[in-house]
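Chemist: give me the fold of what follows.
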Amino acid sequence: MVDFADPANPTVRKPVNLPGQLVAVTHGGEVLYTTGYHWDEQGQTDWVQFLDALAYDGVEASLVTSQRLGDGWTGQIVTVADQLILGRYDAAKQSSRLETWGLTPQGALLQFGLAESPGYLSQLARVDELLLVNGGQTVTVWDATNPATLKRVGQTASDGCVYLTLDSGVARQGATLWLPLGDYGVLDLPLTP
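Modeler: Numbers count the residues shown, from 1 in each chain. Take a look at the predicted model:
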């Protein structure tokens, strides 16, 4: 691992052990987030995923707090500013929940925002200040300027069987979002200001 804090004099550092898969970094690289199972002293787990927040000082990563993710978590996490947006499927409503979480100054993970998006969440991405949600045949676009109060600014159904790469989208805020469709061209999605 190479630390480029001083680009003229990069520092080689030893790799850091993490308790799961690295999924997000916030607070200028000082907070790392991982997901994974927790194991007890006997090597047993209940097969439920946890979100772990770790303080990172450039040398070591120390556990700050953990949050049990539980049922419905789709494995989708996006960062906006220093907050996390987690995707969770609600089978009863057949829609996806977009939960905004943040780390408090006391070191606790706190959910402080919630929005619902139609369909099963298959992909979550951020393009500039927009949050894009692929819910099967529906793409929903949210203004993520204020992650605690996501505001829907666009939605469209994608025709046919095409795979959208949401993170390759290009947006003109308040006007249009263009999503590449590979050999099939571009999906043009109008946005409300």
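Chemist: next, the closest residue to Gln94 other than its chain neighbours: phi, psi?
Modeler: Take Gln94 and drop its neighbours on the chain: the residue closest to it by C-beta to C-beta, 6 or more residues apart in numbering is Gly119, 7.3 Å away. C-beta here means a position set from N, CA and C on the backbone, and glycine is covered the same way. Phi and psi for Gly119, reported as degrees, to the nearest 10, are phi 80, psi 180.
Chemist: before we move on, what about Ser168?
Modeler: Dihedral angles (degrees, to the nearest 10) for Ser168: phi -100, psi 10.
Chemist: show me what contacts it?
Modeler: By C-beta atoms under 8 Å, 6 or more residues apart in numbering, the contact set of Ser168 is 179-180.
Chemist: roughly how far does it sit from Pro118?
Modeler: When distance is defined by C-beta to C-beta, to the nearest Å, Ser168 is 22 Å away from Pro118.
Chemist: the residue nearest to Gln94 and Ala125, how far apart?
Modeler: 15 Å.
Chemist: quick one: mean pLDDT for stretch 36-55?
Modeler: Averaged across stretch 36-55, pLDDT comes to 93.
Chemist: just the residues contacting it, thanks.
Modeler: 18-21, 23, 30-35, 61-70, 73, 75, 77, 84, 86, 101, 103, 107, 109.
Chemist: so which bits of it are buried?
Modeler: 36, 49-54 (16 or more other C-beta atoms under 10 Å).
Chemist: beta-bridge partners for the closest residue to Ala108 other than its chain neighbours, please?
Modeler: Distances taken as C-beta to C-beta, 6+ apart place Thr65 nearest to Ala108, at 5.7 Å, with adjacent residues excluded. Counting by DSSP bridges, Thr65 is bridged to Ala53.
Chemist: cool, and Val139?
Modeler: Asn134, Thr156.
Chemist: Phe50 versus that one, what's the distance?
Modeler: Val139 sits 30 Å away from Phe50, going by C-beta to C-beta.
Chemist: the helix or strand harbouring Ala115: what's the following helix or strand?
Modeler: Per DSSP states H and E, Ala115 falls inside strand 109-118. Reading on from strand 109-118 to the C-terminus, the next helix or strand found by DSSP H and E is strand 123-127.
Chemist: contacts for that next one, please.
Modeler: Contacts for strand 123-127 (C-beta under 8 Å, 6+ apart): 74, 76-80, 85, 87, 98, 131-134, 144, 164, 166-167, 169-171, 177.
Chemist: tilt between the strand holding Ala115 and strand 123-127?
Modeler: 100 degrees (axes from the mean of the first three to the mean of the last three C-alpha atoms, to 10 degrees).
Chemist: state the mean pLDDT of strand 109-118.
Modeler: Mean predicted confidence for strand 109-118 is 92.
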